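Visitor: How does the following fold in three dimensions:
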Amino acid sequence: MIGYTTRMLKWGHQHLELLFLMTALVVLFFLPVEKKESSLCLFSLLGIGQCPGCGLGHSIYYALHLKPAVSFQHHPFGIFAVLVIFSRIKQLIHLK
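Guide: Take a look at the predicted model:
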C-alpha cells in the first residue's frame, strides 16, 4: 500500500500542470454563473473592483458550454483561453 501511495504521489508531482489545468476546466465548467457572488477573482473578493481579467472565468464557462456570443460579452479572450488550455493539455498528454 505504501508503494502504491508513493507511486501516486510521484505521478501527481510529475503531472502537476496537467492536473491543475484539467481541474481548473472542471471547476470553471460547473461555476455557478447565475450567482453574482460566484467569482474566482481575488480583486473582486477583496472588494477592489474591476481588473483586466474580470469576466474571464464566466467567459470560459460560456465557451465550455458552447455559447460563444455570451462568452465574448463577458470577456473577449475567453474563447482564446479555452483553446490555449486545451492545446496545452493535448501537449502534456502527448509528452508523457
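
Visitor: what about the residue nearest the centre of the chain, distance to F80?
Guide: Of all residues in the chain, the one closest to the mean position by CA atoms, centre = their mean is A24, 3.3 Å from it. Distance of A24 to F80, computed by CB to CB, to the nearest Å: 15 Å. For glycine as for every other residue, the C-beta is placed from the backbone atoms N, C-alpha and C.

Visitor: Check the residue nearest to the centre of the chain and give its pLDDT.
Guide: Per-residue pLDDT puts A24 at 92.

Visitor: next one: K96
Guide: So, for K96, pLDDT stands at 56.

Visitor: Numbering from 28 from now on, please.
Guide: Yep, numbering from 28; the last one is K123 now.

Visitor: G82 and S98 touch, don't they?
Guide: No: between G82 and S98 there is no contact under CB atoms under 8 Å: 9.6 Å.

Visitor: what do the two both touch?
Guide: Residues touching both G82 and S98 (CB atoms under 8 Å, 6 or more residues apart in numbering): G105.

Visitor: Between these two, tell me which one has more neighbours.
Guide: Higher neighbour count among G82 and S98: S98, with 25 against 20, using other CB atoms under 10 Å.

Visitor: Lovely, talk soon.
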